[in-house]
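[1] sequence? don't have it. structure:
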């Protein structure tokens, strides 16, 4: 982050692309500017998009810009793009024609019509004689097919994007850029090497009539806007963007659909026609070589880190190739990072248990406040695109499928799932590889990984420099700021984060900063966590001995104990984090080697060179364990959340005076766990308020279900019916037969204690048994309330069923 370091980086990495007006210029990678305009060789603009003139400040330039977009002058015309033709009159009609003519959709319509005819014939609708049946079936089939086509027509009109007007997209680009450059006042930054490579790949794909499938991470609604703006500005055909129909709100929905949004339902259920229509539409787009975009995580990440991949749309794309209907397509993972995300406040509300607000225009505008915010910049990075066909060939060879792509390939359910998972995690790994660590993420991470109430300016700068070095050493990227000293970069980050997140204590010997809203600041910390997960797990495992104190020798951990705890934690968090692909043992050895090289740990080896014990190095002890603590602080909130989830399960032990086979609502159980966590936090038995994070608790419960600790029941016939759960018999704790109190023993208790070994030691936890009894009492209290609610619901359902049965019996008696 220092000037010297930036100069080194500028020589080692790719240059940045600067577009000012119609001029394209390449600069060293450091040339991206700071928060203020810096002149260098007469160049003042350092963003991909130029700042738009405002009417009040300069009406002449404002009107000139508008006229250039209206007339389509120069690059604004968007009439010579790389890719297949879009934004011409009749585009939508052409797409609909291709969809309707697809054999896949035609066959499904015929199949559904025949199935309906079979039902109607079995019910005697068509008479008894063969001639009468044949005539009636023929007439009825025509009616059913036409009816299904009408349904398809309506579905298509709601679903497909409508890229018909070039004048519209010019106006849309102007509006989107106005909004983006006002909210993100330092613009959109890209790597010139990546952009030039993308243009080259796009050119080759266009010649072969192949699609580029952009697979970005998803942190904000701004994600798809920024990618569309980049493609427009660089003359690449805009991708069709898969979007949930919850965003198809008045005014905004129609605008987005004409700008490239493809609306799909959040859930397809058992609607075979709708599912086939989505598959057909994706087939048509990939067959015709139209660019395509969907978010690998499905929904937006409320926590700041990458979520596990969602396979819905990927499954459709995979089917297009495995069936032979599409020959190949190009995959391009995309990372979008922000100085500050617009929606973080609403994310925090949701994670703390507030109901998610329905999307509407008023919320959209008030949430963004795009006319007044100054949120820094957006960094968009493109991984090197790769052939999906080549990837699938490799995967098919691994599962020993000898058929060649191009003909229809049918995989078993398990093999298909294996290929999908490999595809999803390959994309996530690629996104992590190109992600840029923003200054706000660095500052937020440092503030949440230091002991004490606050940190002085000099120490904050020093730790940001240290963290930047660690990021680079791990193969990550740090956002560049041309020749700007670290102190200036830190000031810029503090300014963007604002006083609601980071406070400053004035009147001291030096400026001192502290985290005001740790929960919201954790969003930015989580942007860096993926780089350090192996080291964090090793440190948390070592902490089981370090926290015991008693001198250096007593704090060393044997290799066997270390491996056991790291394995346990890795399994615990396999749904929470994206791990390096090399496997647990390789990751552990690599982490130990790196920590030893950094002089954080010392390793004891036997005569054959095998590791026997691991402990903190003398240098690490002398510096106050600051590096070891950093890794622990990263993982501790997640350990707390999983511990909280396990503790909440203890409270689901059936009471002695009630039925033992009660199933409770899964969502209500997670809400109760969150309420328990808030109680324990305010009573001092939970160190991190982030531990009551709804997303982390949800992941913990999912892991408990995979482990067989809880049994989860879901209705296949009624997907909207809430899932229910109960403890597995072998995991259910015992109660004292006299008092009914929970016993602090048993399989679930041991599991909870194993998690607790790596928890951060708190003052209120040093009284051992007293805390155990207090926490058990509290979780039992919350659990009993949940059981009472479940019992009342079950009783109500029985009463309703009884009343329905009585009414049916009375009706039948009356008919007799």
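    Here it is on my side, so go on. This one's a predicted model, so the numbers in the text were calculated from it and none came from an experiment.
[2] close enough to count as contact, residue 68 and residue 77?
    No. Look at residue 68 against residue 77 with C-beta atoms under 8 Å: they stay out of range, at 9.7 Å. No exception for glycine: its C-beta is placed from N, CA and C like everyone else's.
[3] Okay, buried residues for stretch 90-97 please.
    Neighbour-count burial for stretch 90-97 flags 91, 92, 95, 96 (criterion: 16 or more other C-beta atoms under 10 Å).
[4] which outside residues touch it?
    Contacts to stretch 90-97, defined as C-beta atoms under 8 Å, 6 or more residues apart in numbering, come from residues 85, 153, 156, 160, 162, 163, 164, 281, 284.
[5] about what we covered before: closest one of the buried residues of stretch 90-97 to residue 461?
    Nearest to residue 461 among these: residue 91, at 53.4 Å, using C-beta to C-beta.
[6] got the phi/psi numbers for residue 380?
    As for residue 380, its main-chain torsions (degrees, to the nearest 10) stand at phi -120, psi 130.
[7] Need the pLDDT of it.
    pLDDT, residue 380: 92.
[8] Kindly report the same for residue 558.
    Looking at residue 558, the pLDDT reads 96.
[9] Report the spatially closest residue to it, excluding sequence-adjacent ones.
    Nearest residue to residue 558, sequence neighbours excluded (C-beta to C-beta, 6 or more residues apart in numbering): residue 613, at 5.4 Å.
[10] Pop the domain breakdown of the protein in here.
    When the chain is parsed into structural domains using automatic domain parsing, the resulting residue ranges are 47-81+163-239+290-434, 441-529, 530-624, 645-748+756-801.
[11] Tabulate those domains in a markdown table, adding columns for mean neighbour count and distance to residue 276.
    Converted to a markdown table, the domains of the chain look like this (neighbours: other C-beta atoms under 10 Å; distance: least, C-beta to C-beta, whole Å):
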| stretch | mean neighbour count | distance to residue 276 |
| --- | --- | --- |
| domain 47-81+163-239+290-434 | 18 | 10 |
| domain 441-529 | 19 | 39 |
| domain 530-624 | 17 | 31 |
| domain 645-748+756-801 | 17 | 19 |
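[12] Including distance to residue 277, could these go into CSV?
    Below are these laid out as CSV (distance: least, C-beta to C-beta, whole Å):
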stretch, distance to residue 277
domain 47-81+163-239+290-434, 11
domain 441-529, 37
domain 530-624, 32
domain 645-748+756-801, 19
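[13] Which parts of the stretch 201-350 of the chain are helices?
    Secondary structure of the stretch 201-350 of the chain (DSSP state H, counting those that start in this stretch): helices at 222-233, 252-259, 272-288, 312-322, 344-351.
[14] So which elements touch the last one?
    Right, the one you point to is helix 344-351. helix 518-525, helix 694-707 (3 or more C-beta pairs under 8 Å, 6 or more residues apart in numbering; DSSP states H and E).
[15] please redo it, this time with the cut-off set to 6 Å
    In terms of contacts (3 or more C-beta pairs under 6 Å, 6 or more residues apart in numbering; DSSP states H and E), helix 344-351 is packed against helix 518-525.
[16] on that earlier part again, so what's the residue nearest to residue 558 up against?
    Neighbour list for residue 613: 556, 558, 604 [criterion: C-beta atoms under 6 Å, 6 or more residues apart in numbering].
[17] Just to confirm, what's the three-state secondary structure of it?
    strand (DSSP: H, G, I helix; E, B strand; the rest coil).
[18] ok, now how distant is it from residue 207?
    Distance of residue 613 to residue 207, computed by C-beta to C-beta, to the nearest Å: 60 Å.
[19] Next: residue 792.
    For residue 792, the distance to residue 207 equals 67 Å [C-beta to C-beta].
[20] same check, this time on residue 512
    Using C-beta to C-beta, one obtains 60 Å as the distance from residue 512 to residue 207.
[21] so where's the stretch 1-150 of the chain uncertain?
    Residues of the stretch 1-150 of the chain meeting the criterion pLDDT under 70: 1-65, 69, 71, 73-75, 127-128.
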